[in-house]
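A.B. asks: model the following, please.
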Amino acid sequence: MKRNKLRYINIILAFIILAVSSSFSQTPGLKNAIYYNKQGWENLAKGDHFRAILSFKNALKQNPKYKDALLGLGKAYLKTEAYEESLKLFSDVLRIDRGNTDAIDSAASAMAELGRFDDALKYLDKSLEINEDNTNAKYGIAYIYYLMDKLIWSKRKANDILKINPYHYEALLLMADIKVREKRDEEAKSFIQKAIDSDVERPDAYVKIGQVLLRDYKITQNPEYMSDAVEKFKRALAINPENLLANRSMGNLFLIQKNYEEALKYFTKSAADYPDNSISLYNIAITYAGMNDNKNTVDYLMKAMRLAPSDNLLIAKLEDFLVLNDFAIGHPLRVEFSENYYDAALKKFRTNLPKDAVMYLRRALILNPLNRQARESLRDVYNVLNYYRLYLNEQKNLYDLFPENKYQDMLRLSVIKRRERIYHRAGYSSEFPPRDVPKVLVLNFSPVEPFSLHPDAGVTIANYLTVALSEYGRMQPVGLKRRMEICSRLKNNNHFIADNLEIINDMIREGITEKPDFIITGNFREGFNYLSLNFEMLNFHNGVIINNFSVSENGKENLPNLAVRVSNRLYDNIPFKGRVLQVNNDELIVNLGLIDGIKPGDYLSVYKLQNPESNDLQLKKKITLEIKEADTMISSAKVKNEKEIEYIDINDSVYPYEKRRAKLLD
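C.D. replies: Model prediction:
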């Protein structure tokens, strides 16, 4: 009996031991996933995105479909600019839980950062349908309006949130951004301070106020602002040493001081902490550029491009660097990028976007003048547009570069046909006719916000626009290298426009540069796959702003598309003129042509002072010319009233004909 009882006890003990051992073999995995997930959310709440990522990844190793960990990792990626990756994670969450408003709101934020504003707003509308009191969705809408430059709408939404929760951290920082845009810095700083007071252990507000202070330093050159900015950034780094924006801001601070060794330390740390962040690699590259280390500059730009192959500003920066630093024409990268532009030009031709295509062909030839296909395509475009002078020039270039029989025969035939052209008859076969269209200087653009993702984006945008404008008539942009030389002497901020105009005047007096007629200046705001620019066209002679406008583009070709749109706008609005080059009996030769939009049947005007004895009270007499034949850069015209030809002299200015519109009578 005792033996049976003992056997029974042993069996029970065995089952208990088995159950306990089984429990210990299974529980750690489940416990670890829960523990790491909890730890991740705690780090996320503190703004420690680096450790949050590590914790959520550990949780997902234990349970790859752990919904909360997927959501948390997506949010951490969102804060470290890994927007594509975060969007994938939010999609995974929504496959598990379609009504998860946190995932919907976060997905909308990722879309907004990628420039997909319409999609983001649709997601947020869906979130509010599920929960109309969802503050995060309301904040998301306010933030998207800010990104879309609809500041009034954004402010209204942010204020609505702050009425409900006066210490909503993100809404306070958004209001600060709006106030910075409105140039109300003290109000901006008060909103940031309120955010700090609401949570002293989060680094974001310290970084924000440091950036505002650093921008103040750039404007005033007051060293106290620099010292205060350093203190704020260091405070953020004391809370979280791996904070991406704090390390980046410290790097930018040292870039401004041209202390490249120190800047490199912070940018390198960012790249080590977040190796998939292309902007960190870009910042390392431009730091090496400041140190005149061309090899490392190109290497890091290429590393960044592998992570972000659609980053237009990054690609344009690399192209500019190769060209302006005299890398050999046959350099593999120059050849590769040239071929890429040629392929892109063909696509634009197929989609009936010839101006975009021509810009791509021009960039292809800047990178590699030996790109035969690009040069042939550009030649054919000139032929179609009837820009015969430019067409013939490309024929000559092709024969000089590739002395083959087919090019020689085509050139001979083109030279024979040239005899029929106006410019040949007028004696301008061996040289271009003098041009009187206005000279345009594009200054570097300034960021709207204290910092842009690419610190030198304003330079890159101005360079890209300069190249695009060079294909248009009605204006003569200052060349790329000369533009860079001029701007290197200027103060890099729109706040110093008056000082910069004086510096340019000094350079003109010293004979360093010619006098421009118009200055193109403005500011920009960039995001991932998004670019917005505000332009001003300033008359250099009197300092008057004659035109201003805003344009924005998103998507993979935001910079090229924007450059074409701006060029078209400037072409349509810039005041231009020509002059009379020759008076041959009843025929006038003027130095405006097809490239300036002048075609047969158009009218030009010449203004002459009235004879004092005339009974006409008007001081100037308007003489109308009609274009009879137009060539690339010159045209032949006749005076509408034949008797008035006696008033026309060589070198008289000619202007586009102003059509008066009928006024509505009350």
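A.B. asks: just the C-alpha atoms of stretch 546-565, please, in PDB.
C.D. replies: Written as PDB, here are the backbone C-alpha positions of stretch 546-565 (Å, rounded to 0.1, in the frame of the first residue of the first chain):
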ATOM      1  CA  ILE A 546       8.500  92.800 -60.700                       C
ATOM      2  CA  ASN A 547       7.100  89.300 -60.300                       C
ATOM      3  CA  ASN A 548       6.800  86.700 -57.600                       C
ATOM      4  CA  PHE A 549       5.200  83.200 -57.600                       C
ATOM      5  CA  SER A 550       5.300  79.800 -56.000                       C
ATOM      6  CA  VAL A 551       5.600  76.400 -57.400                       C
ATOM      7  CA  SER A 552       5.800  72.900 -55.900                       C
ATOM      8  CA  GLU A 553       6.400  69.400 -57.200                       C
ATOM      9  CA  ASN A 554       6.400  66.000 -55.600                       C
ATOM     10  CA  GLY A 555       7.400  62.600 -57.000                       C
ATOM     11  CA  LYS A 556      10.600  61.100 -58.300                       C
ATOM     12  CA  GLU A 557      11.300  64.000 -60.800                       C
ATOM     13  CA  ASN A 558      10.400  66.900 -58.600                       C
ATOM     14  CA  LEU A 559      13.500  69.000 -59.300                       C
ATOM     15  CA  PRO A 560      13.500  68.600 -63.100                       C
ATOM     16  CA  ASN A 561       9.800  69.100 -63.400                       C
ATOM     17  CA  LEU A 562      10.000  72.200 -61.200                       C
ATOM     18  CA  ALA A 563      13.000  73.600 -63.200                       C
ATOM     19  CA  VAL A 564      10.900  73.400 -66.400                       C
ATOM     20  CA  ARG A 565       7.900  74.900 -64.900                       C
END
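A.B. asks: so for it, mean pLDDT?
C.D. replies: Stretch 546-565 shows a mean pLDDT of 92.
A.B. asks: can you give me the strands for the protein?
C.D. replies: Listed in chain order, the strands of the chain (DSSP state E) span 439-442, 446-447, 476-477, 518-527, 530-539, 545-554, 578-584, 587-590, 603-609, 620-630, 635-639, 653-656.
A.B. asks: of all these, which lies closest to Met250?
C.D. replies: Met250 lies closest, by Cβ to Cβ, to one member of the strands of the chain: strand 446-447, at 17.6 Å. Glycine gets a C-beta too; all of them are placed from N, C-alpha and C.
A.B. asks: and that closest one, what does it pack against?
C.D. replies: Judged by 3 or more Cβ pairs under 8 Å, 6 or more residues apart in numbering; DSSP states H and E, strand 446-447 is in contact with helix 457-469, strand 518-527.
A.B. asks: ranking the ones you listed by burial, who's on top?
C.D. replies: Of all the helices and strands packed on strand 446-447, helix 457-469 carries the top mean neighbour count, a mean of 24, counting by mean count of other Cβ atoms under 10 Å.
A.B. asks: all helices of the stretch 351-500 of the chain, in order?
C.D. replies: Secondary structure of the stretch 351-500 of the chain by DSSP state H, counting those that start in this stretch: the helices cover 354-367, 372-384, 388-401, 405-418, 422-425, 457-469, 480-487, 497-509.
A.B. asks: any chance of CSV for the ones you listed, columns mean pLDDT?
C.D. replies: Formatted as CSV, those follow (pLDDT from 0 to 100):
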stretch, mean pLDDT
helix 354-367, 96
helix 372-384, 96
helix 388-401, 95
helix 405-418, 93
helix 422-425, 92
helix 457-469, 96
helix 480-487, 93
helix 497-509, 91
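A.B. asks: to Val180, which of those helices lies closest?
C.D. replies: Ranking those by their distance to Val180 (criterion: Cβ to Cβ) puts helix 457-469 first, at 17.0 Å.
A.B. asks: I figured Ile546 hits Leu538, correct?
C.D. replies: Yes - using Cβ atoms under 8 Å, Ile546 makes contact with Leu538 at a distance of 7.3 Å.
A.B. asks: show me which of these two is the more surrounded one.
C.D. replies: More crowded of Ile546 and Leu538, by other Cβ atoms under 10 Å: Leu538, with 22 against 13.
A.B. asks: tell me how far that one lies from Arg375.
C.D. replies: Distance, Leu538 to Arg375, by Cβ to Cβ, to the nearest Å: 36 Å.
A.B. asks: burial measure for the nearest residue to Asn283 once chain neighbours are set aside, as a count.
C.D. replies: Distances taken as Cβ to Cβ, 6 or more residues apart in numbering place Phe267 nearest to Asn283, at 4.3 Å, with adjacent residues excluded. Using other Cβ under 10 Å, Phe267 has 29 neighbouring residues.
A.B. asks: thought Phe267 was touching Asn277?
C.D. replies: No - Phe267 lies out of contact with Asn277 (Cβ under 8 Å); the separation is 10.4 Å.
A.B. asks: so how far is Leu245 from the residue minimising distance to the centre of the chain?
C.D. replies: The centroid of the chain falls nearest to Leu531 when counting by Cα atoms, centre = their mean (4.5 Å). Going from Leu531 to Leu245 by Cβ to Cβ gives 20 Å.
A.B. asks: could the strands of the chain go into CSV alongside distance to Ala205?
C.D. replies: What follows is the strands of the chain, written out as CSV (distance: least, Cβ to Cβ, whole Å):
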stretch, distance to Ala205
strand 439-442, 36
strand 446-447, 20
strand 476-477, 43
strand 518-527, 21
strand 530-539, 24
strand 545-554, 28
strand 578-584, 57
strand 587-590, 62
strand 603-609, 60
strand 620-630, 62
strand 635-639, 62
strand 653-656, 54
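A.B. asks: show the pLDDT at Ile520.
C.D. replies: Per-residue pLDDT puts Ile520 at 95.
A.B. asks: next: Glu613.
C.D. replies: Per the predicted model, pLDDT is 56 at Glu613.
A.B. asks: just to revisit the earlier point, what residues are up against the residue nearest to Asn283?
C.D. replies: With contact taken as Cβ atoms under 8 Å, 6 or more residues apart in numbering, Phe267 is in contact with 247-248, 251, 280, 283-284, 287.
A.B. asks: neighbours of Leu353, just the number please.
C.D. replies: For Leu353, the count of nearby residues is 16 (other Cβ under 10 Å).
A.B. asks: nope, Arg489 is what I was after
C.D. replies: So Arg489, with other Cβ under 10 Å, has 13 neighbours.
A.B. asks: same check on Gly511?
C.D. replies: 7.
A.B. asks: any idea how far Arg482 is from it?
C.D. replies: Gly511 sits 13 Å away from Arg482, going by Cβ to Cβ.
A.B. asks: so for Gln582, what's the nearest residue that isn't a sequence neighbour?
C.D. replies: Per Cβ to Cβ, 6+ apart, closest to Gln582 is Ile589, 3.9 Å.
A.B. asks: isn't the one you found up against His424?
C.D. replies: No - Ile589 lies out of contact with His424 (Cβ under 8 Å); the separation is 11.9 Å.
A.B. asks: between the two, which one's more packed in?
C.D. replies: Legend: neighbour count by other Cβ under 10 Å for Ile589 and His424, higher for Ile589 (23 against 18).
A.B. asks: how about that one, what does it touch?
C.D. replies: 422, 426, 580-583, 634-637.
A.B. asks: now do Lys258
C.D. replies: By Cβ under 8 Å, 6+ apart, Lys258 lies in contact with Gly290.
A.B. asks: give me the pLDDT value at it.
C.D. replies: 94.
A.B. asks: again with Arg661
C.D. replies: Per the predicted model, pLDDT is 44 at Arg661.
A.B. asks: wait, doesn't Arg375 sit right on Leu398?
C.D. replies: Yes - contact criterion Cβ under 8 Å: Arg375 and Leu398 qualify, at 5.8 Å.
A.B. asks: returning to what we had before: partners of the residue nearest to Gln582 in the sheet?
C.D. replies: Beta-bridge pairing of Ile589 under DSSP bridges involves Gln582, Ser636.
A.B. asks: which helix or strand in this protein has the lowest average pLDDT?
C.D. replies: When each helix and strand of the chain is scored by mean pLDDT, DSSP states H and E, helix 2-45 comes last, with a mean of 60.
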